[in-house]
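Participant: pasting a predicted model and its sequence here:
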Amino acid sequence: MSTRIAFLKGHGTENDFVIVPDPENAVDLPPAAVAALCDRRAGIGGDGLLHVVRSAAHPEAKAMAAEAEWFMDYRNGDGSIAEMCGNGVRVFARYLRHAGLVAEGDLAIATRAGVKGVHLAKDGDITVAMGSARLPEGGVTVSVGERRWPARNVNMGNPHAVAFVDDLAHAGDLLAPPPVSPASAYPDGVNVEFVVDRGPRHVALRVHERGSGETRSCGTGACAVAVAAARRDGADPSVTGSPATYTVDVPGGRLVITERPDGEIEMTGPAVIVAEGGIDPEWLENAVR
């Protein structure tokens, strides 16, 4: 790496990301480089990294290029690859608008979990069509210390275990991944949400994100929580024919999640670009040695 690499910093309900614009997929970002950039003391700092690439230029996204010009090559804060990040999609879309690459209104973004429809509203909020949830059969259990809770297995393109608790403090410090059993339910790890009720169709969560630790927000997690809460409350839009909307408070703000009768889940919330600059190539080379 001999040339300065451009970056931006953004967040969606305080789930924050390093953004690396790289339309032609020319920047090498091995896991160690991503982890160094996301380091909050020695790097830029972020829960994850958004690598902005044209779909046609990325081998994992070429098949989606006819539907979506841009591919969100998302990485967790530890450098591992993730299928999807709901807050990340909103920040990714905000960057595209910030850079003048798209206009307000509707657009499509390619992800490892498929093409996601996005709407950039004039008031600043961004709505993402997150696809439908899968609810794998079989019970799972989440534990913290001596406490154990039954959890709902929800897949939003990435795996979630949703546990309803009496107090969010019961989740502990969330520095390490909460044990989930059986382990066979999540062979590639899992995002774990702890949820309390705040009112009718209004919940709050804390989350341990796979590969990132506790984060201030998780978009796919909020969707998984809304679906789990709806089923717990006896609401299934595919049966009733009526949408189910839940307000989901996260430590970093608020998201509104709607499940449609056709199964499509929409997530609405803010996304902000806060800074931009350049990565020193010598620092990055030294950081990955």
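Facilitator: On my side now, so go ahead. Values in this document were obtained by computation on a predicted structure and should not be read as measured data.
Participant: ends of stretch 157-173, how far apart?
Facilitator: Its start and end residues considered, stretch 157-173 measures 26 Å (C-alpha to C-alpha, to the nearest Å).
Participant: which residues touch stretch 222-232?
Facilitator: Outside of stretch 222-232, the residues that reach it under the criterion C-beta atoms under 8 Å, 6 or more residues apart in numbering are 86, 130, 133, 135, 152, 154-156, 160, 162, 164, 191, 193, 195, 201, 203, 205, 236-237, 244, 246, 248, 250, 255, 257, 259, 265, 267. In this view, the C-beta of every residue, glycine as well, is placed from N, C-alpha and C.
Participant: let's go with 6 Å and repeat that
Facilitator: Where contact means C-beta atoms under 6 Å, 6 or more residues apart in numbering, the residues beyond stretch 222-232 that reach it are 130, 133, 152, 154, 156, 160, 162, 193, 195, 203, 205, 244, 246, 248, 255, 257, 265, 267.
Participant: so of those, which ones are in strands?
Facilitator: Among the contacts of stretch 222-232, DSSP state E puts 152, 154, 160, 162, 193, 195, 203, 205, 244, 246, 248, 255, 257, 265, 267 in strands.
Participant: is it true that the first one touches V162?
Facilitator: Read that as R152. Yes - because the distance of 4.5 Å satisfies C-beta atoms under 6 Å, R152 is recorded as touching V162.
Participant: which one's more surrounded, these two?
Facilitator: More neighbours sit around V162 than around the other of R152 and V162, counting by other C-beta atoms under 10 Å; the figures are 29 against 22.
Participant: give the contact list for that one.
Facilitator: Taking C-beta under 6 Å, 6+ apart as the definition of contact, the neighbours of V162 are 151-152, 154, 193, 224-225, 228.
Participant: got the residues you listed as JSON lines, with pLDDT and distance to S143 columns?
Facilitator: Formatted as JSON lines, the entries for the contacts of V162 read as follows, by pLDDT from 0 to 100; distance: C-beta to C-beta, whole Å:
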{"residue": "A151", "pLDDT": "98", "distance to S143": "10"}
{"residue": "R152", "pLDDT": "98", "distance to S143": "15"}
{"residue": "V154", "pLDDT": "97", "distance to S143": "18"}
{"residue": "E193", "pLDDT": "98", "distance to S143": "14"}
{"residue": "A224", "pLDDT": "98", "distance to S143": "19"}
{"residue": "V225", "pLDDT": "98", "distance to S143": "19"}
{"residue": "A228", "pLDDT": "98", "distance to S143": "18"}
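Participant: among these, name the buried ones.
Facilitator: With neighbours counted by 16 or more other C-beta atoms under 10 Å, those contain buried members at 151-152, 154, 193, 224-225, 228.
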